[in-house]
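Q: Got a sequence here, can you model it:
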Amino acid sequence: MQKLAKFAGTALLAVGLSAAGLGTAQAQWQPSGPIKLIIAFAAGGGADTIARATAEEIEKRKGWSILPEQVTGKGGLNAAVALAKEPADGTAIAMIVTETLGYNRVAAGNPVALEDFTALTTVAGFQMGIVAKAEKGWTSFAEVIEAAKGGQAIRFGTMSPKLSDLAYLLGEANAVAFNTVQVRGGKAVMNGVQAGDMDLGFMAGIQAKGVASGDLVNLASAMSVPLAQSPDAATMSAYGVDFNADGYFAFVAPAGLSDDARTALSEAIIEVVSDPSTKAGGIIAKAFAGAKTISGAEFDTLLSSASNGAQGLLSAASE
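A: A predicted model of the protein is given here:
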């Protein structure tokens, strides 16, 4: 028994040393040079601000040099294509949305593959609502449908082909036709609604301040769950559409990134965005009801599911 106990103790010690060694390796990982941060969003917008603020805070905390670079267009695919060509050594990452590697990639004929990337972490989940100015007098999407059936032309603002498909399906399911106005970015949708160029539109969290002040109203949730800010707003399934606009703002790297680099980069990002006292964390807390971080194998599964679901939406919208 004494020999067995001694062996067990030795084994446990070995496991402990192995784990400690792994943790040390992860903690000691350092990029070999400046990290290029490819940002798939227009300069000055909320997502761009989050990306840059996250980079600045990581620089302060880790001492790493991070160089932001805007690569916009095609729903984030231009950024994804650019990232896939970068070395997989931790010196290149990108901030995109999961829709980039899901619907947008599939709709564009797969210019890149999921296997071209290493998923790092999500940072915030969409708070995608269907939003109108409060002065319109609508309090729910049902009232929009009623207005459309009464002959009112409804201009529906969207910011991506996926959302345009969802707007189409909402009209089809309720026997009305919306005039879809697709623009670039959620800020453009909000500006269009505020200016009266659109009657309503999809917004993914940028509407939070306007809703809080009473200037805007979330008529419906475009997600599979209610909006945190407007929990009484029905989801699109209540209006006959079983698809949704669930998604996340996320960081990815090229395929082939080492486990140590993946862990170090993911943890550095998560640490910043989960801290509401940082600029990035503060924006996420206000606009997106707090950080939502999914990493590792769970993030891999999320991207795979988003890709598989995209074909169903494309097929439904093309019927």
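
Q: now stretch 96-112, how far from the chain's geometric center?
A: The gap between the average C-alpha position of stretch 96-112 and the chain average comes to 13 Å, counting by CA atoms, centre = their mean, to the nearest Å.

Q: residues of it that come out buried?
A: Across stretch 96-112, burial judged by 16 or more other CB atoms under 10 Å covers 96-107, 112. Any C-beta I mention is one placed from the backbone N, CA and C, and that applies to glycine too.

Q: mind listing which of those are in strands?
A: Ile96, Val97 (DSSP state E).

Q: need the contact list for Arg52.
A: Arg52 makes contact with Ile39, Pro68 under the criterion CB atoms under 8 Å, 6 or more residues apart in numbering.

Q: neighbouring contacts of stretch 303-316?
A: In contact with stretch 303-316 (CB under 8 Å, 6+ apart) are residues 98-99, 101-103, 105-107, 114, 119, 162, 165-166, 169, 243, 247.

Q: Just the ones in helices from those, please.
A: The helices in this structure, assigned by DSSP state H, contain Thr98, Glu99, Arg105, Val106, Ala107, Lys162, Asp165, Leu166, Leu169 from the contacts of stretch 303-316.

Q: Could I get the contacting residues of the third one?
A: For Arg105, the contacting residues are Leu77, Ala80, Pro111, Val112, Leu114, Ser307, Ala310, by CB under 8 Å, 6+ apart.

Q: likewise the first one?
A: Taking CB under 8 Å, 6+ apart as the definition of contact, the neighbours of Thr98 are Thr122, Gly247, Tyr248, Ala250, Leu302, Leu303, Ala306.

Q: Please tabulate the residues you listed in TSV, including the columns neighbour count.
A: Output for those, formatted as TSV (neighbours: other CB atoms under 10 Å):
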residue	neighbour count
Thr122	26
Gly247	24
Tyr248	22
Ala250	28
Leu302	21
Leu303	22
Ala306	22
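
Q: Pick out the lowest-pLDDT one from these.
A: Model confidence across the contacts of Thr98 bottoms out at Ala306, which has 89.

Q: Between the contacts of Arg105, which sits nearest Pro34?
A: Closest approach between the contacts of Arg105 and Pro34, by CB to CB: Ala80, at 20.7 Å.

Q: What number of residues are in the vicinity of that closest one?
A: Neighbours of Ala80 under the rule other CB atoms under 10 Å: 24.

Q: That one reaches Leu101, doesn't it?
A: Yes: with contact defined as CB atoms under 8 Å, Ala80 and Leu101 form a contacting pair (6.7 Å).

Q: follow-up on the earlier one: quick check, nearest of the contacts of Arg105 to Leu67?
A: Taking CB to CB as the measure, Ala80 is the one of these closest to Leu67, at 18.4 Å.

Q: Other residues contacting the helix or strand hosting that closest one?
A: Assessed by DSSP states H and E, Ala80 sits inside helix 77-84. Here helix 77-84 makes contact (CB under 8 Å, 6+ apart) with 38-40, 71-72, 92-94, 96, 100-101, 104-105, 108, 111-112, 116-117, 252-255.
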